[in-house]
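S.K.: Build the 3D model from these lines:
(3 chains)
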Amino acid sequence: MKRRALLLLSAVLPLLLSGCWDRVEIQERLFVMAIAIDKNLPEKGKRSYYEYSAQFTEARALSSRISSTNISPIWNATSTGPSIFECIRLMATRVARQPYYEHLQIIIIGEEMAKDGISHALDLFFRDHESRRNIKLVIAKGMGKSALAVKPRLMPVSGQYISKLTEEGESKTARLPNTVSIGQFSTNFHSGSNSVLPRITIEPHEVKMAGGAIMKGDKLIGWLSDQEVKSLRWINGTFSAGDEVILQNPEGGIPGFTTMEVKAVRSQIHTEIRNGKPVFTVRIRGEGNLAEDGLKNNPTIEKLRKKEIQMNKIVQRKAESLIQRMQKTYQTDIFGFGEELRRHQYAYWKTHEKNWDQNFKDAEVHVSVEVFIRRIGQFK
Amino acid sequence: MIKDRLTTSQIVVQLFAAMVGVGILTLPETVGAKAGVDSWIVIFAAGFLAMVAVSIMAYLGNRFPGKSIIHYAPTLIGKILGTIVLLAFLLYFLMFVGTVVRISADVTKLFLLDLTPVEVIIIGMLTISSYLVLHGVNAIARFNEFIQPLALLLLLLVLTQTIRDTDFGRILPVLGDGIQPLMHALPSTFFSFMGFEILLFIQPFMEQPRGAQRAALISIGATMILYVIVTILCIAVLGKSEVTLVEYPTLAIIKNIEVPGAFIERLDSIMMMVWIPFAVTTVVMFHYCASLIASQMLGLQEHRVIALYMIPLVFLIAVLPRNILEVDKWSKWASWLGVSLIAVVPIWLVLVYKWKKRRKSA
Amino acid sequence: MDWVSEVTSRFSDSSDFQNSMVHIAGESFTLCFLDSLVDSHYIQDHILEKLRQNCVEVPFSPISTVDEAVSEILNGNLLIVRDCDQEAYFAIGSGLEERSIQESENESALRGPRDSFVESLRTNVSLIRRRYPDPELKVTIQELGRRTNTKVAMLYVDGIVNPNILDEVRTRLSTVDLDKVLDSGTIEQWIEDSWYSPFPQAQYTERPSNVLFAMLEGRIAIMVDGNSSVLIVPVTFSMLFQSPDDYYERWMIGTAIRIIRVAGAAIALTLPSLYIALISYHPGMIPTQLALSISAGRSEVPFPAFLEALFMEATLEMLREAGLRLPKVMGQTIGIVGGLVIGQSAVEAGIVSPVLVIVVAITAISSFLVPAYNGAIALRLLRFPLMILSGSLGMFGLLLGLMAILAHLVSLKSFGINYFAPITPYRFSDWKDLLVRAPLIYMKNRPEILHPLDQKRMNTQKRKKGW
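M.R.: Numbers count the residues shown, from 1 in each chain, chains lettered A, B, ... in the order given. Below you'll find the predicted structure:
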């Protein structure tokens, strides 16, 4: 028996020694930090559709181990082809090392591409085992490619810069929508919901990330301004740190503004079917503190109460106007009302699932806002 | 000399090892495709069915202390029928081993070893499993006792990290589409519980065979809870429609996680480390039972030689299917064969036993 | 029978054989002995003195056969033949100088008794007897070795040790048929369960307290004459991580140290292979920043991670072996110099990456955490197959290797005891002394896996405090 086991072992071991099929040393891999997918405007006789740009990083140059001047830490390579896979393969004709996508941080989609729909462009990344589901997804105003070419001041790799920006921005301000990973986008898209992706605008040395791209399914149909994104995040109740609300002081004066910092906003969407029509009641509750003066150095309960009411009104008005805009202009439910219906009014949802965006247009939405100012800081 | 028998806790772990295998990666998808957000109800239902089935088996085993189905099936239903039943079991086990090995090798290839021939991965797994099978059921039990709790613990630890991405509202509404889809999902859900039927074969090795039923129930209960947790988490993270689109939802939700600052950043690698042992232990149990049937039917003293002769056969079953969809088809055949055996044989044997006993007492 | 000529012929060509004639009170005696084994002063002062006192009834034990006489002489005793009637007696020789009892060098301890065994079986047995003055401590001595006739003692505590295990050990010992039994290692290899296992299936120790401790748990000690290390059987895998010091210290400290040891063993076993797997196969599992810096560090290394790691690990083992053979002071120097110089210059020459040097260093330190040397070396050895596996199949290979080791461990037995017990099969009452060293009063029972006849270790009810 032992002899047999030994025999088996000796049959296996040489196999192993001849193996190493998958061995690629770490320094032979070329880490791809970010990619941009743009639409390639069709020319005559060419079947290319995508313009695919990848940002490769050279670790040696990043750690300044080499002094050769023709080696730079990052290289943005671009190729065009009818499929992303083809583009990646085309890149292999020019890159001497093996591109490695497991460290991919962010995918930037160009505006034109986004208008055509992005699900087919992302299909490879859903499918491929090398890609993580938490790769971030942003839409660039203009060409995505140019976002990669940005030379940020503080970080060597622009892809990392943009990816960090989404994370930091999300937790520090409400001006950009929640970070969306390709996994989340896939979840939204495949369940028939719409999503709002972060928007970036590109400048030579920086990228501004504010506002959002309205995706109907996987197609870009319009932009949200940063103020609208703020309202969206109020409605969704998904920010824990960071919106500020500026209130005009009725008494006037200079500067004449009070600024509140609002944290921990939660919202509840209550659904109801009235006369065969869905009615949504959005209850937004939040907490905040006084961030900057405006109460003339002497906050009292009454003054605070007034400010709270003033603030609630502003937020409510903004939220309602956003909802109306989405209902009238875009007829797109980006708030997840449909999902709420599925959860709580399944019978209605089952019959109206197919044309929900049409029904959304006529839905009745009520918004109520309640924000409490809890603290005034360390100064009267 | 100090004798080795299977303790009750070993039976719990053995059955758990046999049940939890490759299915844990795909279960949410197979169930979710048919039952949607109500998958967890189906899993509970299938678990209870499995509990009923295993109780019948334990009842049977208790009537024939020290004997396995290999002995009492021929005495109860006659030599020819008994042989046919045992051969069916043998076929089922071999098919099962083959497909499980193939599926696990395919997944390993997909996520860890892209270019390595699938044959090498299969041989690697079969080597481990054969080594254990050669050392008998006690060594297997000890192996499982060590590796299952460890793997389970790691798995749960990894799964806790997905909580951040969950939205448990996605599991609503409960029973929105009624009972109908649940019934459709039941068979394929039941497939993922299969493995407890090895109790028919290993019960005589127990220290206290009377405790078999309790052990089996605990084991199925644990499996059921694990499956429910995994499925609910998958639906809560991915949503109903995405779960049915992703090939390996359990891996997908773990791929969502990023643990900043840890040495190993990506937990899906840990998931693979957990999952491969799960797959291997399933293979070991079935391989052992198959060789047990074959050797005892041939009247051999030992199961070892026959266990080795089975390896080429299993290897062949594993490499024959052309692609993953075909593997699924094969595994479905094996599962249906298994289900029919589990459903029919124990009840049949119990009825025959009762009838014979009544005739004897009359 | 002419005793003297018979014996002399047996010892022909042995220059240390002496037969000298003495005349005492008109009687003549011939003394035959090996002067290499007997101190001549002792003969003068004691034996001849006794003879002088009473030379009619010789105050020594009579002897009847030549074989007996020869074996007595070989044991360092004297053969005394009265020439007139050719009556033979033997007198106990004093024995020669032996190493005095010293502090153990190989097993140093901070606390607890420090004495260690020496080469003499008698002294060694006395070290145990002195600590355990009770007739239930049994010492059975037998001679083993086809030619060397070495005395081998089996020590156990009657009433604790399980008779099944005892019988098994006794049977195995009685089958020893070797031409030489020079050390306990030879015996160990003869009686062990599985010779194709890298894991030690007997524990050895130089400290009497360890032996006593093991015997009181229900184990059996085997002493070999002329050997200062004593075997303890049966053993389990968990014993690799146990040291008597754990019991002398407070339980929390003992527990913490054990956890460190287990972690050290795990690191020593897997870290190089993990490095290979991550570097060569799955860089995606490393955090991005770390991956970038490792990649930069390895940019000039021309070898695959496997060869790189193999090179460094092999160098490490060479250094260790060289340090072991060299005189103690020099050994340390060689180790430090070799490690530093080779590590430093290998990195500078671009043969290995800096991260690997860290990995190798951590591995080396970790491997010394395991208290049992034979266990530590097994783990160090197994590191290499694991490296081959992960070098060819990455993480999957590493996992296969670990599972193979586990499969081997669970199928191994030591004198009928499962080697991997009490980890599996679960013996929860023994888990108090596994990864955790429970507080003393919780370890009421002896290890269940050894099936001791007397379970109870203590009676905690008698424990009282004044206030």
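S.K.: domains of the chain?
M.R.: This is for chain A. A:28-224, A:227-380 (automatic domain parsing).
S.K.: that answer is for a different chain, and I need it for chain C
M.R.: C:3-91, C:121-235, C:249-417.
S.K.: ok, which stretches of the stretch 201-350 of chain A are strands?
M.R.: A:207-216, A:219-224, A:239-248, A:257-274, A:277-292 (DSSP state E, counting those that start in this stretch).
S.K.: ugh, typo on my part, it should be the stretch 151-300 of chain C
M.R.: Secondary structure of the stretch 151-300 of chain C (DSSP E, counting those that start in this stretch): strands at C:203-205, C:220-224, C:230-233.
S.K.: what packs against the longest one?
M.R.: Read that as strand C:220-224. Here strand C:220-224 touches helix C:121-131, strand C:150-157, helix C:163-174, helix C:184-191, helix C:208-217, strand C:230-233, going by 3 or more Cβ pairs under 8 Å, 6 or more residues apart in numbering or on different chains; DSSP states H and E. (Glycine included, C-beta is placed from N, CA and C.)
S.K.: same deal with the shortest one?
M.R.: Using 3+ Cβ pairs under 8 Å, 6+ apart as the contact criterion, the neighbours of strand C:203-205 among helices and strands are helix C:184-191, helix C:208-217, strand C:230-233.
S.K.: Throw these into a markdown table and include mean neighbour count and mean pLDDT, thanks.
M.R.: Shown next, in a markdown table, are the helices and strands packed on strand C:203-205 (neighbours: other Cβ atoms under 10 Å in any protein chain shown; pLDDT from 0 to 100):
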| stretch | mean neighbour count | mean pLDDT |
| --- | --- | --- |
| helix C:184-191 | 19 | 88 |
| helix C:208-217 | 22 | 90 |
| strand C:230-233 | 26 | 91 |
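S.K.: Could you point out which of the ones you listed sits nearest residue C:223?
M.R.: strand C:230-233 (5.1 Å; Cβ to Cβ).
S.K.: Name the residues of the stretch 101-250 of chain A found near chain B, please.
M.R.: Proximity of the stretch 101-250 of chain A to chain B (Cβ under 8 Å from any Cβ of the partner chain) is limited to residues A:102, A:129, A:132, A:133, A:134, A:181, A:183, A:186, A:187, A:190, A:191, A:192.
S.K.: Just the ones of those in helices?
M.R.: A:183, A:186, A:187, A:190 (DSSP state H).
S.K.: Please check these and keep the buried ones.
M.R.: Among these, those scoring as buried are A:183, A:186, A:187, A:190 (criterion: 16 or more other Cβ atoms under 10 Å in any protein chain shown).
S.K.: Can you add pLDDT and distance to chain C and give those back as JSON lines?
M.R.: JSON lines is the format used below for those (pLDDT from 0 to 100; distance: Cβ to the nearest Cβ, whole Å):
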{"residue": "A:183", "pLDDT": "86", "distance to chain C": "16"}
{"residue": "A:186", "pLDDT": "88", "distance to chain C": "20"}
{"residue": "A:187", "pLDDT": "87", "distance to chain C": "22"}
{"residue": "A:190", "pLDDT": "87", "distance to chain C": "25"}
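S.K.: which of those sit farthest apart?
M.R.: A:183 and A:190 (10.7 Å).
S.K.: Could you list the buried residues of stretch B:330-339?
M.R.: B:330, B:331, B:334, B:335, B:337, B:338, B:339.
S.K.: Which ones among the residues you listed map onto helices?
M.R.: In helices, defined here by DSSP H, the members of these are B:330, B:331, B:334, B:335, B:337, B:338, B:339.
S.K.: right, and the fifth one touches residue B:90 too?
M.R.: No. Checked against Cβ atoms under 8 Å, the pair residue B:337 and residue B:90 is beyond contact range at 10.8 Å.
S.K.: so what's the residue in the stretch 1-150 of chain A that chain B sits nearest to up against?
M.R.: Residue of the stretch 1-150 of chain A nearest chain B, by Cβ to the nearest Cβ: residue A:21 (4.1 Å). The contact partners of residue A:21, taken as Cβ atoms under 8 Å, 6 or more residues apart in numbering or on different chains, are B:113, B:115, B:116, B:117.
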